[in-house]
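1. Quick one, fold the following:
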Amino acid sequence: MRLKFLVLGAAALFSALEAMAQSPAPIVVPAAVDSTPAPEKAQKDADDAAITAAIALLQELKTQNDQTIKKQQAALEALDHLQKDADQIRIFSKRG
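-> Okay, the predicted model is just below:
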């Protein structure tokens, strides 16, 4: 019985030592550092300028569209008024 316990204990000890021997120490690698941050900033500034220009253009187009819509609304109102006048003329011409 003691021999069995001794053999099992030795096997467990060898297994533990083997597991520890197989685990390598963790290797820490420093992060890569970009040595040229200036072009990124220049690119970001260029992108910001392009976005600002695009926003200004869109606002100008929106203003033009609003003016066009107002003109079209006025034309539709004039056409409605003409339609009503034409209907009145037809009514009065039938009465004789």
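
2. any idea how far the helix or strand hosting Thr63 is from the chain center?
-> Per DSSP states H and E, Thr63 falls inside helix 37-95. A distance of 27 Å separates the C-alpha centroid of helix 37-95 from that of its chain, computed with C-alpha atoms, centre = their mean, to the nearest Å.

3. Run through the neighbouring helices and strands of that helix.
-> Taking 3 or more C-beta pairs under 8 Å, 6 or more residues apart in numbering; DSSP states H and E as contact, there are no helices or strands that helix 37-95 lies on. Backbone N, C-alpha and C define where each C-beta goes, glycine included.

4. how close does Gln88 sit to Gln43?
-> According to C-beta to C-beta, to the nearest Å, Gln88 stands 67 Å off from Gln43.

5. hmm, I was thinking of Val33
-> According to C-beta to C-beta, Val33 stands 18 Å off from Gln43.

6. Mind checking which of the two has more residues around it?
-> Applying other C-beta atoms under 10 Å to Val33 and Gln43 shows that Gln43 carries more neighbours, namely 10 against 6.

7. which residues touch that one?
-> Taking C-beta atoms under 8 Å, 6 or more residues apart in numbering, we find Gln43 in contact with no residue.

8. And the pLDDT for it?
-> pLDDT, Gln43: 78.

9. And it, how close does it get to Leu57?
-> 21 Å.

10. repeat for Glu40
-> Taking C-beta to C-beta as the measure, Glu40 falls 26 Å from Leu57.

11. can you check Ala32 too?
-> 39 Å.
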